[in-house]
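[1] Okay, sequence plus prediction incoming.
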Amino acid sequence: MDQERALGGSHDIPRVHYKGRQSDYYIMVMDMLGPSLWDLWNNNSNTMSIEMVECIAIEVISILEKLHSRGYVHVDVKPENFLLGTPGTADEKKLFLVDLGLAVRWRDNSTGLHVDYDQRPDVFRGTVRYASRLPWQGYQGENKGFLVCKKKMGTSPEALCCFCPAPFKQFVEFVVNLKFDEEPNYAKYISLFDGIIGPNPDIRPINTEGARKLVYQVGQKRGRLMMDDDDDEQPKKKVRMGMPAIQWISVYNGSSLIVMSKGTPYLQQSYKVSESFPFKWINKKWREGFYVTAMATAGTRFAIVMSRGAGFSDQVVELDFLYPSEGIHRRWDSGYRITSTAATWDQTALVLSNPRRKPSDETQETLPTSAFPSTHVKEKWVKNLYIASVCYGRTRKGRSLVCGQADSCCS
């Protein structure tokens, strides 16, 4: 309710007139609106014209840009949460965004900077059906949610948009390749669709005035309209693209982060075998002073060993349906190093740890390969890099060497 109260009445969010409590009921009074996009879809035999979808895309991007500019992300974008104005009024073709109950700040209040990257496989907010990739990579929810995530992570833009005009595929590629803290090029995305619908905005099925204002404002700031910029621009780096594949993932260290031997002073150990990655159990053990020291898989099952006295000061997990390149690089930049790996045909799990004692050489590299990297291993030995961990499972085709150091990384 607080988000609606703060943002309502502007940015295409309905105005909140009253909120409070009466007896056992919480009450919120807001502007009367018309049907949702989901209602339109259902009432029209589950069909919608291409022009209608394009106009919706243009205006939704504009609405989200306004919300993001205030420091919020909606977290639950779906057709049910976009409503048209009241039928028979001047706003009957205007889109409004509702239900900000899950909205969170992407910008830190105290610093004004983007919030830090932090994958939490046990936490999901929103509706899985409509979720973008980053929020639910490695999602550990109920089985239905897991299957939805698995299917969508394995669906390429080409397959998803095979029957749609080219701008739809371009849009998916741009959005999927956004990094965690990268600002979207809203005007560019709008221009993809604006160029293929009718030139007269007055006869469009959806009012796109907000989108036109956004593109014009950006164009004024830059001295030209964004829709004329870089018409042939393509995603510069395909971070999250490619078809799923089963590969070897090998990790190489310049020095041993933890020396395993008979005399390793572990104080206590605990283990768990689970049909899915047991992040909740791992999180519980972290609070008890345990750290992951070994992982393995058999089919879809994970076996995790956690130990006290492991020599780590902190630990994080990167769990993904593909290869978590961006997550690894961000963790490397924060001083973490991969200490355990495991993979099934569905997921890859990497545990990254922050050692209590920093080694003098913190170089670490990862290398996904289709065949076991026998030649690469020997090449690494010549460079004084030695295998620290290896697993075989889900990644994707077309990967190249990923290397990282304490202060730099490359792909």
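    That came through fine.

[2] in what helix or strand does residue 322 lie?
    Here residue 322, judged by DSSP states H and E, is contained in no helix and no strand.

[3] Neighbours of it, how many?
    23 (other Cβ atoms under 10 Å). (Each C-beta comes from the backbone N, C-alpha and C, glycine too.)

[4] quick one: it and residue 215, what's the gap?
    33 Å (Cβ to Cβ, to the nearest Å).

[5] For residue 51, give me its contacts.
    Listed by Cβ atoms under 8 Å, 6 or more residues apart in numbering, the contact partners of residue 51 are 197-198, 204-205.

[6] Could you measure from it over to residue 347?
    Residue 51 is 40 Å from residue 347, by Cβ to Cβ.

[7] go on, residue 59?
    Using Cβ to Cβ, residue 59 is found at 36 Å from residue 347.

[8] I'd assumed residue 369 was in contact with residue 376.
    Yes: counting by Cβ atoms under 8 Å, residue 376 does reach residue 369; the two are 6.8 Å apart.

[9] Mind listing the shared neighbours of the two?
    Residues touching both residue 376 and residue 369 by Cβ under 8 Å, 6+ apart: residue 250.

[10] where's residue 344 relative to residue 16, distance?
    When residue 344 is compared with residue 16 (using Cβ to Cβ), they lie 47 Å apart.

[11] swap that for residue 104, please
    With the distance defined as Cβ to Cβ, residue 104 ends up 19 Å from residue 16.

[12] More neighbours: these two, which one.
    Taking other Cβ under 10 Å, residue 104 and residue 16 do not tie; residue 16 has more neighbours (20 against 13).

[13] does the more buried one have beta-bridge partners, and which?
    Per DSSP bridges, the residues bridged to residue 16 are residue 30.

[14] One more: residue 302?
    Note on residue 302: beta-bridge partners by DSSP bridges are residue 274, residue 297.

[15] mind listing what it touches?
    273-274, 276-278, 295-296, 342, 344, 349.

[16] Swap in 7 Å and give it another go.
    274, 277-278, 295, 342 (Cβ atoms under 7 Å, 6 or more residues apart in numbering).

[17] Counting neighbours, which of those residues end up buried?
    Neighbour-count burial (16 or more other Cβ atoms under 10 Å) applied to the contacts of residue 302 gives 277-278, 295, 342.

[18] Which one of those is nearest to residue 31?
    Using Cβ to Cβ, residue 277 comes nearest to residue 31 of these, at 44.1 Å.

[19] was I right about the closest one contacting residue 347?
    Yes: assessed by Cβ atoms under 7 Å, residue 277 is found in contact with residue 347 at 6.5 Å.

[20] what residues do those two have in common as contacts?
    residue 319.

[21] who are the neighbours in contact with residue 157?
    Here residue 157 is in contact with 169, 172-173, 176 (criterion: Cβ under 7 Å, 6+ apart).

[22] same check, this time on residue 181
    With Cβ under 7 Å, 6+ apart, residue 181 has these contacts: residue 114.

[23] That one sits in which helix or strand?
    Residue 181 belongs to no helix or strand, assigned by DSSP H and E.
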